[in-house]
Every structure is written in C-alpha cells, then in structure tokens.
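# I'd like to go over a predicted model; first the sequence, then the structure.
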Amino acid sequence: MSEIIAEWLREERKKCHLTQLELAAISEIGLSQIGAIERGEGNPTMSTMIALSTAMKASPDKIMRLMFPHHVDAEQSNNA
C-alpha cells in the first residue's frame, strides 16, 4: 500500500507544481517525512495525509480509498 500512497502523493504534488519543500511549508509536514512517504517508506498517519491533501486541494475521499481500500469498498457495498 505504501507504494500506492507514494505514487499518489508524487503525482498530486507535481500536478500542483509544488516542490517537496513548498509542500512541506504549506502543509506543515516535515520535508524529510514527505520525502519518506514519496519513497514508500514508513506508514503515514491519516492526519498527515489529510494535511498533505488539504495543502494540495485534493479530495479527502481519495485519501480514504488509498489508505483503507477494503473498508471503503465494504462500506459502499453495504450502502448499495
């Protein structure tokens, strides 16, 4: 899963034309932590991912689907 999150973060950041340093400043998440997430290292918390997505004006729904794919799929099935 960390590779999926890494790829999403890298792509979203580039779509926003932000460097890792700029994203760190906007999101108030450490530069080294952003680098680690983009390399697929570690396990970012939900609050970290929300801060990053908010800084990039990305949908929090996408973050939920990336971090909890089985839970979101099951919830959608229950609501159908």
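Okay, I see it. Remember, predicted model here, so these are calculated numbers, not experimental data.
# Would you confirm that Ile50 contacts Asp61?
No: at 11.3 Å, Ile50 does not count as touching Asp61 under the criterion of CB atoms under 8 Å. Bear in mind the C-beta positions are built from the backbone N, C-alpha and C, glycine included.
# Show me which of the two is the more surrounded one.
More crowded of Ile50 and Asp61, by other CB atoms under 10 Å: Ile50, with 17 against 10.
# So for the more buried one, what's the pLDDT?
Ile50 is assigned a pLDDT of 92 by the prediction.
# Buried ones in the helix or strand containing Glu3, by neighbour count?
Here Glu3 sits within helix 2-15, counting by DSSP states H and E. Across helix 2-15, burial judged by 16 or more other CB atoms under 10 Å covers Ile5, Ala6, Trp8, Leu9, Arg10, Glu12, Arg13.
# Relative to His70, which of the residues you listed is nearest.
Ile5 (15.0 Å; CB to CB).
# which stretches of the protein aren't confidently modelled?
1, 71-80 (pLDDT under 70).
# the helices in it, which residues?
For the chain, the helices defined by DSSP state H cover 2-15, 20-27, 31-38, 46-55, 60-67, 69-79.
# Give me the residues contacting the first one.
By CB atoms under 8 Å, 6 or more residues apart in numbering, the list of residues contacting helix 2-15 from outside reads 19-20, 23, 34, 37-44, 49, 52-53, 56, 58, 62, 66-67.
# picking up where we left off before, which one among the buried residues of helix 2-15 gets closest to Gly30?
Using CB to CB, those come closest to Gly30 at Leu9, 13.9 Å.
# quick one: contacts for the residue nearest the centre of the chain?
The residue lying closest to the centre of the chain (CA atoms, centre = their mean) is Met49, at 4.3 Å. By CB under 8 Å, 6+ apart, Met49 lies in contact with Ile5, Ile63, Leu66, Met67.
# what two of these have the greatest distance between them?
Across the contacts of Met49 (CB to CB), the longest gap, 8.6 Å, separates Ile5 and Ile63.
# How about Leu21, nearest residue that isn't a chain neighbour?
Leu31 (5.9 Å; CB to CB, 6 or more residues apart in numbering).
# Good, we can wrap up now.
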